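K.L.:
Following is a predicted model, sequence given first.
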Amino acid sequence: VNWGHATAVTDTVEWLDQSRIPYRDICFLGDKPEIEADIYIDDAAHNVNGLRDSGNTVIVFDAPYNQKLAGPRVTNWLECEQTILTLASEMGFALQPELPGLDPDHARLAEH
């Protein structure tokens with residue numbers, strides 16, 4: 001791990017904690033398809049395009065620099081959660097929409 005990687009890890013964990021976004025594990029990978037997720041979320045065009053070129057479902061997190069990317073597109077974490085639930089249902093997945101121990105109202109996501 002070099003200085004740049006250490007900074008990215010620290011910044012990411014601090015941002016997740018400040019945004020009250022729950023997580024169990026965090027993976028930092030050079031090649032995102034390695035994690036074999038069912039649905040990806042990204043804002044960077046090169047990641048979105050690469051993932052989609054590999055046949056993956058990707059939600060675009062809206063940013064000024066990615067306006068040319070096709071959706072699904074979200075602008076906040078509440079929309080992201082709702083979009084994941086919709087896509088997962090369409091893909092035939094049964095989900096537990098709340099992580100154990102979290103407040104069932106979506107205030108934690110609506111704040112950010």
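P.N.:
Good, I have the coordinates.
K.L.:
Show me the domain layout of this structure.
P.N.:
Here the domain assignment for the chain is 1-30, 37-94, based on automatic domain parsing.
K.L.:
Can you tell me which of the ones you listed is packed in deepest?
P.N.:
domain 37-94 (a mean of 14; mean count of other C-beta atoms under 10 Å). For the C-beta atoms, the positions are set from N, CA and C on the backbone; glycine is no exception.
K.L.:
From one end of stretch 8-28 to the other, what's the distance?
P.N.:
Distance across stretch 8-28, first residue to last, is 9 Å (C-alpha to C-alpha, to the nearest Å).
K.L.:
Equivalent analysis for stretch 72-79, please.
P.N.:
With C-alpha to C-alpha as the measure, stretch 72-79 spans 10 Å from end to end.
K.L.:
what is the mean pLDDT for that stretch?
P.N.:
Taken as a whole, stretch 72-79 carries a mean pLDDT of 92.
K.L.:
just how off-centre is that stretch within its chain?
P.N.:
With C-alpha atoms, centre = their mean, to the nearest Å as the basis, stretch 72-79 stands 10 Å off its chain's centre.
K.L.:
rewinding a little: weakest of the domains of the chain by average pLDDT?
P.N.:
Among those, domain 1-30 scores lowest, at a mean of 76.
K.L.:
now it: how far from the chain's centre is it?
P.N.:
The mean C-alpha position of domain 1-30 is separated from the chain mean by 13 Å, C-alpha atoms, centre = their mean.
K.L.:
Phe61 contacts Val74, correct?
P.N.:
Yes. Phe61 lies in contact with Val74 (C-beta atoms under 8 Å); the separation is 6.0 Å.
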